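S.K.: build the 3D model from these lines:
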Amino acid sequence: MPVPTSPEDKILTSDEASAWRSQLKATGKELVVTNGCFDIVHRGHVEYLFKARSFGDALLVGLNSDESVRALKGDSRPINDEFARALTLAAFYFVDAVVVFNSIRCVSLLETVRPDVYVKGGDYDIETMDPGERGALADMGARIEFVDFVPGFSTSRTIERMSEH
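M.R.: Here you go, the predicted structure:
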């Protein structure tokens, strides 16, 4: 991937991410992948993504599309559209690339980019992970890491606090 000149340059298609992944692998660099909705980015997200990046040489964030956020969270979500969410994530220096995916689970993205490390939040463990994601990661030999959440920070809680005022 060429050196980005704006955050928008770091928003890739699946095919572009696959080609970038090949370049990383050819140079012996480890790819870390995580995913989520990241609807209203808050301190917990920032710390989580920063920690996720520490598990390898490059961090790709799989971002749920607007359609998949609605399927997961209900018709009132997302608050911010997928481009705004992708651009916000891509603006972080520790996020190397963002790919929007249009399904509830990111199995297809994982199979396309074949990460060395997959990071999940502290609300999951190996038993509660999606079986499709876990199986795809096992098939490719990827390592799975879990990062604790920052207590008191969640998108749902942020929305609740906003509606109280």
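S.K.: what residues are up against E133?
M.R.: By Cβ atoms under 8 Å, 6 or more residues apart in numbering, E133 lies in contact with R105, C106, V107, L110, Y118. Glycine gets a C-beta too; all of them are placed from N, C-alpha and C.
S.K.: sitting in strands, which of those do you find?
M.R.: Among these, the members found in strands (DSSP state E) are Y118.
S.K.: ok, the residue positioned nearest the centre of the chain - contacts?
M.R.: For the chain, the residue sitting closest to the mean C-alpha position, by Cα atoms, centre = their mean, is N35 at 2.5 Å. By Cβ under 8 Å, 6+ apart, the contact set of N35 is V61, G62, L63, N64, F101, C106, L109.
S.K.: now the end-to-end length of stretch 121-135.
M.R.: Chord length of stretch 121-135, first to last residue, is 18 Å (Cα to Cα, to the nearest Å).
S.K.: and that stretch, which residues are buried?
M.R.: M129, G132, E133, R134 (16 or more other Cβ atoms under 10 Å).
S.K.: next structured bit after the longest helix belonging to the chain?
M.R.: Looking across the chain with DSSP state H, the single longest helix is helix 14-26. Once the chain leaves helix 14-26, the next helix or strand it forms, by DSSP states H and E, is strand 31-36.
S.K.: can you give the distance of that next one from its chain's centre?
M.R.: Once both centres are worked out by Cα atoms, centre = their mean, to the nearest Å, strand 31-36 turns out to sit 4 Å from its chain's centre.
S.K.: so what's L110 closest to, chain neighbours aside?
M.R.: A136 (4.9 Å; Cβ to Cβ, 6 or more residues apart in numbering).
S.K.: that neighbour contacts V113, doesn't it?
M.R.: No: if you go by Cβ atoms under 8 Å, A136 and V113 don't touch, sitting 10.9 Å apart.
S.K.: turn the contacts of N35 into TSV, including secondary structure and pLDDT.
M.R.: TSV is the format used below for the contacts of N35 (DSSP: H, G, I helix; E, B strand; the rest coil; pLDDT from 0 to 100):
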residue	secondary structure	pLDDT
V61	strand	98
G62	strand	98
L63	strand	98
N64	strand	96
F101	strand	97
C106	coil	94
L109	helix	97
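S.K.: ok, of those residues, which one's closest to S14?
M.R.: Lowest distance from S14 to these (Cβ to Cβ) belongs to L109, with 6.4 Å.
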